[in-house]
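Asks: sequence and predicted structure, then a few things I'm wondering about:
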Amino acid sequence: GAVVSQHPSWVICKSGTSVKIECRSLDFQATTMFWYRQFPKQSLMLMATSNEGSKATYEQGVEKDKFLINHASLTLSTLTVTSAHPEDSSFYICSASSQVATQPQHFGDGTRLSIL
Amino acid sequence: GEDVEQSLFLSVREGDSSVINCTYTDSSSTYLYWYKQEPGAGLQLLTYIFSNMDMKQDQRLTVLLNKKDKHLSLRIADTQTGDSAIYFCAETLSSGYSTLTFGKGTMLLVSP
């Protein structure tokens, strides 16, 4: 089946650091990628939708200058958490989808971000 | 607006069948999905069903869709301890690459 690879799986860093998370589709062209955030014992909250070669569309309440999304190729999207603070600590998950209407989204394994 | 509701918790014994239920409000829902999330992991697509189908079976998994009542269920036959996880129901309105709306997830606990 379709595989989405997300790296790193876990990162711990100091407050003020910027952290980049990569999301790759390994065996299909991901025209659209989604970035989610998940708090403990809660469902996924959509942060932004990115289409290859276009600017990402952010959900209401998500700071675009804080969470920079780049989707420069059909197989790679990145989320950079800039100047991270402890309140940014969370589980971040990406998903990828092709333009085929019948194909569902496939998710990466998530990145646990801990800001000290 | 879109809303997807699930019961929060289900406990079964190993070998029994599990049935996880989901209701949704938007009659325009086109695709309905079941995802599984194990602790600390991402979401694994289990199965999905198009709105023009009533049932889909895949090995131990059976999905039933009642469009009239906007009710979706996932039945897991011969539930195993490895099935313990959180199960998310999700819908999308027009296509597989549209935004997903998730339920809050049902925690399934399978005891030996």
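Replies: Now that the structure is in, tell me what you want to look at.

Asks: for the nearest residue to A:Asn51 once chain neighbours are set aside, list each beta-bridge partner.
Replies: In space, and not counting its chain neighbours, A:Asn51 is closest to A:Thr32: 5.4 Å by Cβ to Cβ, 6 or more residues apart in numbering or on different chains. (Each C-beta comes from the backbone N, C-alpha and C, glycine too.) Beta-bridge pairing for A:Thr32 (DSSP bridges): A:Asn51, A:Ser97.

Asks: thinking A:Thr32 is in contact with A:Gln103, fair?
Replies: No. Using Cβ atoms under 8 Å, A:Thr32 is not in contact with A:Gln103; the gap is 10.6 Å.

Asks: tell me which of these two has more neighbours.
Replies: A side-by-side neighbour count of A:Thr32 and A:Gln103, using other Cβ atoms under 10 Å in any protein chain shown, places A:Thr32 first with 22 against 17.

Asks: OK, contacts around B:Ser29?
Replies: Contacts for B:Ser29 (Cβ atoms under 8 Å, 6 or more residues apart in numbering or on different chains) come out as B:Ser51, B:Lys70, B:Glu91, B:Thr92, B:Leu93.

Asks: pretty sure it sits in a helix.
Replies: No. Counting by DSSP: H, G, I helix; E, B strand; the rest coil, B:Ser29 is not found in a helix; it is coil.

Asks: and the pLDDT at it?
Replies: Predicted confidence (pLDDT) for B:Ser29: 72.

Asks: measure it to chain A for me?
Replies: B:Ser29 sits 14 Å away from chain A, taking Cβ to the nearest Cβ, to the nearest Å as the criterion.

Asks: can you check B:Leu109 too?
Replies: In terms of Cβ to the nearest Cβ, B:Leu109 sits 14 Å off from chain A.

Asks: what is the burial count for the closest residue to that residue other than its chain neighbours?
Replies: Distance criterion Cβ to Cβ, 6+ apart; nearest residue to B:Leu109, sequence neighbours excluded, is B:Ser11 at 4.7 Å. By other Cβ under 10 Å, 11 other residues sit near B:Ser11.

Asks: gap between B:Ser11 and B:Ser111?
Replies: 7 Å (Cβ to Cβ, to the nearest Å).

Asks: if we ignore the residues flanking it in sequence, what's nearest A:Glu59?
Replies: Leaving aside its chain neighbours, A:Glu59 sits nearest to A:Leu46 (5.3 Å; criterion: Cβ to Cβ, 6+ apart).

Asks: from A:Trp35, how far out is that neighbour?
Replies: 8 Å.

Asks: so between these two, which is more surrounded?
Replies: The neighbour count for A:Leu46 versus A:Trp35, taken as other Cβ under 10 Å, is higher for A:Trp35 (28 against 18).

Asks: is that one in contact with A:Met45, as I believe?
Replies: No. At 10.0 Å, A:Trp35 does not count as touching A:Met45 under the criterion of Cβ under 8 Å.

Asks: one step back: you'd agree the residue nearest to B:Leu109 is in a strand?
Replies: Yes. Residue state for B:Ser11 (three-state DSSP) corresponds to a strand.
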